[in-house]
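A.B. asks: Using only what follows, build the 3D model:
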Amino acid sequence: MPVNVEIKAYISDIQALRKTAEKLSDAGCTTLKQEDTFFVTPAGRLKLRQSQDAKAQLIYYKRSDQTGPKVSNYHVSVTDDAENLKMTLEMAYGIKGSVKKTRYLYMVGQTRVHVDSVEGLGDFMELEVQMKPGQALDEGQEIANDLMTKLGIKESDLIEVAYMDLILEKQTSNGN
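C.D. replies: Residues are numbered from 1 along each chain as shown. Coordinates of the predicted model:
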């Protein structure tokens, strides 16, 4: 399975962070409108990512919920028939919920810098250091920490969980 080292954080000024990410980026910005449908699973997370600009992706990943750099093992399968796959997975496992976002993607070396505006939640930054085969996890964590500093992300901004978890938490606290 491929491996990422990830960091996720709240951000207060999306425009400032986008400007900084643009300066660090190797290739400028790609804007994506995405909807992730999460399914109930006994372990890990399973989501179907749909975007108007690309084929849908079924993504399974395992990642611990902790602040700071964390290892994520994942597998991606591409599909041309997202709606049929979604219906099949809903019938088999049930839908946990969905996340809609506008994602501004910047590539900085081997790292995907996501600046996300998430519907109903706010603005976030996510780093995904895409580990090379045989590369030490410590090196990935150093890359993530260095970028976090360059982007002005403080330790207090970090979050442990996925957007889906934050949405479910918000719904529970609102009594929905």
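A.B. asks: how about residue 147, what does it touch?
C.D. replies: 7, 24, 108, 111, 113, 127, 129 (CB atoms under 8 Å, 6 or more residues apart in numbering). Glycine gets a C-beta too; all of them are placed from N, C-alpha and C.
A.B. asks: Need the buried ones from the residues you listed selected in PyMOL.
C.D. replies: Of those, the buried ones go into a single PyMOL selection, burial set by 16 or more other CB atoms under 10 Å:
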select buried, resi 7+108+111+113+127+129
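A.B. asks: among the contacts of residue 147, which are in helices?
C.D. replies: Residues of the contacts of residue 147 located in helices (DSSP state H): residue 24.
A.B. asks: farthest pair in the contacts of residue 147?
C.D. replies: The largest separation in the contacts of residue 147, counting by CB to CB, is between 7 and 24 at 14.5 Å.
A.B. asks: Can you tell me what sits against the helix or strand of the chain with the lowest mean pLDDT?
C.D. replies: Lowest by mean pLDDT, DSSP states H and E among the helices and strands of the chain is strand 70-79, with a mean of 85. The contact list for strand 70-79 (CB under 8 Å, 6+ apart) reads 1-7, 55-64, 85, 128, 137, 140.
A.B. asks: who does residue 45 bridge with?
C.D. replies: residue 61 (DSSP bridges).
A.B. asks: any idea how far residue 122 is from it?
C.D. replies: 21 Å (CB to CB, to the nearest Å).
A.B. asks: So for those two, which sits in the more crowded spot?
C.D. replies: residue 45 (19 against 13; other CB atoms under 10 Å).
A.B. asks: The more buried one: what's it in contact with?
C.D. replies: 38, 60, 61, 62, 63, 162, 164.
A.B. asks: Can you tell me which of the contacts of residue 147 lies closest to residue 156?
C.D. replies: For the contacts of residue 147, the nearest to residue 156 is residue 7 (13.2 Å; CB to CB).
A.B. asks: ok, back up a step: lowest pLDDT pick from the contacts of residue 147?
C.D. replies: For those, the weakest pLDDT value sits at residue 7, with 91.
A.B. asks: what about that one, distance to residue 33?
C.D. replies: Taken as CB to CB, the span from residue 7 to residue 33 is 23 Å.
A.B. asks: for residue 158, same thing?
C.D. replies: From residue 158 to residue 33 the distance is 26 Å (CB to CB).
A.B. asks: Compare neighbour counts for the two and give me the winner.
C.D. replies: Neighbours per residue, other CB under 10 Å: of residue 158 and residue 33, the larger number sits with residue 158, 18 against 12.
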